[in-house]
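> build me a model:
(one chain, ligands or ions: 1)
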Amino acid sequence: MRGLFITLEGPDGSGKSTIIKLIGNYLEKKGIDFIMTREPGGTLIAEEIRHIVLDEKNTNMGKETEALLYAASRAQHVHEKIRPALEEGKLVLCDRFVLSSLAYQGVGRGLGIDEVKAINDFGVKGLNPDLILFFHIDPELTLKRKFLEDSPDRLEQEGSEFHKKVYEGYMELLKLYPENIKIIDATKTIEEVLEQSIGEIEELLTKKRE
Ligand code: TYD
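Got it, this is the predicted structure:
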């Protein structure tokens, strides 16, 4: 039986990376067979692409190149890791997926949601998450959190205008694709955010068992 594909989405600094680890601990305790992975990256080839796309030295990277690199990294990730794990019946927990490209490259960079979706459709061949947890938080708040960090990457260094556009992009996408997206209030405490995330995952697991 095919496994379950769950992705986490949201603006930079929305706390996804912290919560994904805690969700992993929870799944482990429950004895659920799962893998945890992230984008861009997740495999050797995809991590190499991640390095190119996020390297702060690559200031002259064209936006089309950026979108194609994210899609290429994703295609390799799906081919080498995500699809095989799902075919083995595993639960796959992934930090970011296609929705990030639609928000960051499609809207943030202004390439167009449909255009970016087309290159991703080519890359992932119809693979859609069963559940997307969207970590909802105002970009003004997240940017403050991020700039307290030591070494923001190339995308994180973009100005607040870019991150505002990405946020608006996500808001548009929530309306376009409401089916599998669950909104998590990421302004709450870690405990509350975790509880809400686990609640959504449990609901999906129950549905699968029925
Ligand atoms: P990541 O290191 O996962 O950042 P975070 O911890 O905030 O999730 O992602 C790196 C950056 O890449 C982040 O700024 C979002 C951006 N990104 C895109 O622009 N497009 C994409 O398709 C993906 C997956 C990430």
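> which strands or helices does the longest helix along the chain pack on?
As assigned by DSSP state H, the longest helix anywhere in the chain is helix 190-209. Judged by 3 or more Cβ pairs under 8 Å, 6 or more residues apart in numbering; DSSP states H and E, helix 190-209 is in contact with strand 4-9, helix 16-29, strand 131-136, strand 181-185. Quick note: C-beta positions are derived from backbone N, CA and C, even for glycine.
> the ligand: which of these is closest?
Taking Cβ to the nearest ligand atom, helix 16-29 is the member of the helices and strands packed on helix 190-209 nearest to the ligand, at 4.7 Å.
> contacts for the closest one?
Contact with helix 16-29 is made by 8-10, 34, 36, 38, 91, 93, 95-96, 135, 190, 193-194, 197-198, 201, as judged by Cβ atoms under 8 Å, 6 or more residues apart in numbering.
> in it, what's buried?
Using 16 or more other Cβ atoms under 10 Å as the test for burial, helix 16-29 gives 16, 19-20, 23, 27.
> what are the phi and psi values at Gly62?
For Gly62, the backbone dihedrals (degrees, to the nearest 10) come out as phi -70, psi 150.
> how much space between it and the ligand?
14 Å (Cβ to the nearest ligand atom, to the nearest Å).
> likewise Asn120?
8 Å.
> wait, that residue sits on Val98?
Yes - the criterion here is Cβ atoms under 8 Å, and Asn120 meets it with Val98 at 4.8 Å.
> got the CA coordinates for the one helix or strand in the chain whose mean pLDDT sits lowest in PDB?
One helix or strand of the chain scores below all others by mean pLDDT, DSSP states H and E: helix 139-146, with a mean of 74. The C-alpha coordinates for helix 139-146 follow below in PDB (Å, rounded to 0.1, in the frame of the first residue of the first chain):
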ATOM      1  CA  PRO A 139       6.500  38.000   7.500                       C
ATOM      2  CA  GLU A 140       7.400  41.000   9.600                       C
ATOM      3  CA  LEU A 141       7.700  38.700  12.600                       C
ATOM      4  CA  THR A 142       9.600  35.900  10.800                       C
ATOM      5  CA  LEU A 143      12.100  38.400   9.300                       C
ATOM      6  CA  LYS A 144      13.000  39.700  12.800                       C
ATOM      7  CA  ARG A 145      13.500  36.100  13.900                       C
ATOM      8  CA  LYS A 146      15.700  35.300  10.900                       C
END
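> which strands or helices does the very next helix or strand once past it pack on?
Using DSSP states H and E, the next helix or strand after helix 139-146 towards the C-terminus is helix 160-176. In terms of contacts (3+ Cβ pairs under 8 Å, 6+ apart), helix 160-176 is packed against helix 113-124, helix 139-146, strand 181-185.
> next, the residue most central in space within the chain: phi, psi?
With distances taken as Cα atoms, centre = their mean, Arg96 lies nearest the centre of the chain, 1.0 Å away. Dihedral pair for Arg96: phi 80, psi 150, per degrees, to the nearest 10.
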